[in-house]
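Trainee: Give me a model of this one.
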Amino acid sequence: MGTPHNEAEKGEIAKKVLMPGDPLRAKYIAEHFLENAKCFNTVRNMLGYTGTYKGKEVSVMGGGMGMPSVGLYTYELFHFYDVDTIIRIGSTGAIQDDVNVLDVVIGMGACTDSNYASQFELPGTFAPIADYELLARAVDAAKEKGIPVRVGNILSSDVFYNDNNTVNDKWKKMGVLAVEMEAAALYMNAARAGKKALCLLTVSDHIYRYEELDARQRQNGLNDMIQIALEI
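Mentor: Below you'll find the model as predicted:
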């Protein structure tokens, strides 16, 4: 089978896929968390692996940076590989004062400045949201592990280096917890395909307090989030 971006044959990808942005993170997860992991994709170095976790089949694949990239890979997984569930696991910059580095943020909804939804030609503004069952299970898993978690609205932005350096002030006023660059496209693709999606994020830095994790803290924090995603 295969696509221009994924060389996997049908059946080589599990029904559930964890999707970090970085393909090397996908490799790390496969090597440290999965059993009998096998690589199914190397096209454009967007590595993907399928293995088992506690006896259940699961895949992990990079999604790249930004909504065009994650939109492409998740569309193919949902429509060409019969994937039912995609859980994005990434990093995020905190916006609210009471969100701290190392917190896990769960995107109940994903605001966006992107034009991604225009393709659906909707007669209004679509609200991209997570699958509730996945969200509830993630909250329970985090509590069991004693991992601080925040649930609410996040921002999926098309722009990392914004020419307007006050742009986040307005999102902060609306209670948005943190900013990243992919969740809204994932949620829209899942809605259109009738599938399930969730975005888990580790706070790696705080935009207003100029705090950020060092390499060791980032690794440990991401490991907590990965374990939550695998337990869902």
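Trainee: just the strands in the protein please.
Mentor: For the chain, strands defined by DSSP state E occupy the ranges 16-19, 35-41, 48-53, 56-61, 85-94, 104-112, 149-156, 178-180, 196-206, 211-212.
Trainee: what angle sits between the fourth one and strand 85-94?
Mentor: Strand 56-61 runs at 50 degrees relative to strand 85-94, counting by axes from the mean of the first three to the mean of the last three C-alpha atoms, to 10 degrees.
Trainee: ok, back up a step: export the strands of the chain as CSV, with columns for mean neighbour count.
Mentor: No exception for glycine: its C-beta is placed from N, CA and C like everyone else's. Compiled in CSV, the strands of the chain are given as follows (neighbours: other C-beta atoms under 10 Å):
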stretch, mean neighbour count
strand 16-19, 26
strand 35-41, 16
strand 48-53, 21
strand 56-61, 23
strand 85-94, 25
strand 104-112, 24
strand 149-156, 22
strand 178-180, 25
strand 196-206, 24
strand 211-212, 14
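Trainee: Might one say that residue 83 is in contact with residue 15?
Mentor: Yes. Here residue 83 reaches residue 15: they are 6.1 Å apart, a contact under C-beta atoms under 8 Å.
Trainee: which of the two has more neighbours?
Mentor: Between residue 83 and residue 15, residue 83 has the larger neighbour count (other C-beta atoms under 10 Å), namely 23 against 15.
Trainee: In the protein, which residue sits furthest out from the middle?
Mentor: Most distant from the centre of the chain: residue 123, at 27.4 Å, with distances by C-alpha atoms, centre = their mean.
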